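1. Sharing a sequence plus its predicted fold:
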Amino acid sequence: MQRYFLTEAPTGQEFVLPEDVQHHLMTVLRGKEGTQAEFVYPDQQTMVVAEVIRVDDETTTMRVVEEVTTDVELPVETTIILGLAKGDKPELVVQKATELGVHHVIIVETDWSVVHWGMKADKKLARLQKIAQGAAEQSHRLRVPDVTYVEKLRDLVLPDDMVKIVAWEESAKQGETAQLVAQFSRLNPGDKIAFLVGPEGGLKESELDLLTKTFGFVPAGLGPRILRAETAPLYALSALSYALELAR
């Protein structure tokens, strides 16, 4: 069943579809009277099944059939901080990270980022936010991750009580395997965790010093192999899901 996110909560059992949702459900998916879909309210907790009860030239009216309780979100507030990479890598990471449960994605330029957004940042973010919403609908999430941009590492603003992990290729080369597990073991439901991954070429040692000494990041290897910039955050999210949702 198709899922959509509403920007305004219905005030009763009937509501009119927003124009973009109406187009997708009724035109793209060829909906008709009796067609059902899932709708997540702006509180990111309430989800209902509603069916089409009336169609006219300009509007489609839905009626709530039932409210559904579902638990699909990661038990900890999860942030991916991605060093700005070239091509469509940010789009790939946002899409797949959304499917894997991320709550926040921060794109940040680093010293070895080979592309720079500058004045294009707002347009890039709008596209990434749209990708996140589509992926959240496809994966039947209750939340659409927010995607933001930070121009420099030093401008990051993160909670002090957040568990912070930076993927560091030298840790992987040296066979370090303990830190990721150790940091996961600290987590309880409702905690916050961030994974930071550098762009192609990784991070400079001076950037690692900034992250560890100023922000409290812990360097960690993500297995014995060196992962691409777009692979590492997906590995980290998959490992987190296993540790907190499957292994417990």
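-> Perfect, I can see it now. These figures come from a predicted structure and were not determined experimentally. Numbering: from 1, shown residues only.
2. Show me where the protein has its strands.
-> Using DSSP state E, the strands of the chain run over residues 3-5, 14-16, 36-40, 47-55, 60-68, 77-83, 104-108, 146-150, 163-167, 192-197, 218-220.
3. Show me what counts as buried in stretch 226-245.
-> Applying a neighbour-count criterion of 16 or more other Cβ atoms under 10 Å, the buried positions in stretch 226-245 are 227, 229-237, 239-241, 243-244. Every residue, glycine included, has its C-beta placed from N, CA and C.
4. Reformat the strands of the chain as TSV; add mean pLDDT and distance to Asp122.
-> Shown next, in TSV, are the strands of the chain (pLDDT from 0 to 100; distance: least, Cβ to Cβ, whole Å):
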stretch	mean pLDDT	distance to Asp122
strand 3-5	96	21
strand 14-16	95	30
strand 36-40	97	26
strand 47-55	96	31
strand 60-68	95	31
strand 77-83	97	18
strand 104-108	97	12
strand 146-150	97	9
strand 163-167	95	27
strand 192-197	97	23
strand 218-220	93	33
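5. To Leu92, which of the ones you listed lies closest?
-> With Cβ to Cβ, the closest approach to Leu92 among those belongs to strand 77-83: 10.3 Å.
6. Provide the strand pairings for the closest one, with the direction of each partner.
-> strand 104-108 (parallel), strand 192-197 (parallel) (DSSP bridges).
7. Check the ones you listed for me and report the most buried one.
-> By mean neighbour count, with neighbours taken as mean count of other Cβ atoms under 10 Å, strand 192-197 ranks first of the strands paired with strand 77-83 at a mean of 24.
8. residues in contact with that one?
-> With contact meaning Cβ atoms under 8 Å, 6 or more residues apart in numbering, strand 192-197 is reached by 76-83, 158-159, 161-167, 183, 187, 211, 217, 229, 232-233, 236-237, 240.
9. now swap in stretch 105-122 and tell me
-> Defining contact as Cβ under 8 Å, 6+ apart, one finds that stretch 105-122 is touched by 79-86, 90, 93-94, 97, 124-125, 128, 132, 145-153, 156, 198-204, 206-207.
10. Can you give the distance from that stretch to the centre of its chain?
-> How far stretch 105-122 lies from its chain's middle: 18 Å, per Cα atoms, centre = their mean, to the nearest Å.
11. how about it: buried residues?
-> The neighbour-count check on stretch 105-122 (16+ other Cβ under 10 Å) flags 105-110, 113, 117, 121 as buried.
12. Columns distance to Glu66 on top of these, output as JSON lines?
-> Listed next are the buried residues of stretch 105-122 as JSON lines, based on distance: Cβ to Cβ, whole Å:
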{"residue": "Val105", "distance to Glu66": "32"}
{"residue": "Ile106", "distance to Glu66": "37"}
{"residue": "Ile107", "distance to Glu66": "39"}
{"residue": "Val108", "distance to Glu66": "42"}
{"residue": "Glu109", "distance to Glu66": "46"}
{"residue": "Thr110", "distance to Glu66": "48"}
{"residue": "Ser113", "distance to Glu66": "48"}
{"residue": "Trp117", "distance to Glu66": "44"}
{"residue": "Ala121", "distance to Glu66": "42"}
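13. which of the contacts of stretch 105-122 count as buried?
-> By 16+ other Cβ under 10 Å, the contacts of stretch 105-122 give 79-85, 90, 93-94, 97, 124-125, 128, 132, 145, 147, 149-150, 153, 156, 198-200, 202-203, 207 as buried.
14. Just the ones of these in helices?
-> Of the buried ones among the contacts of stretch 105-122, the ones assigned to helices by DSSP state H are 90, 93-94, 97, 124-125, 128, 132, 207.
15. Tell me the one of those nearest Asp57?
-> Using Cβ to Cβ, those come closest to Asp57 at Ala132, 32.3 Å.
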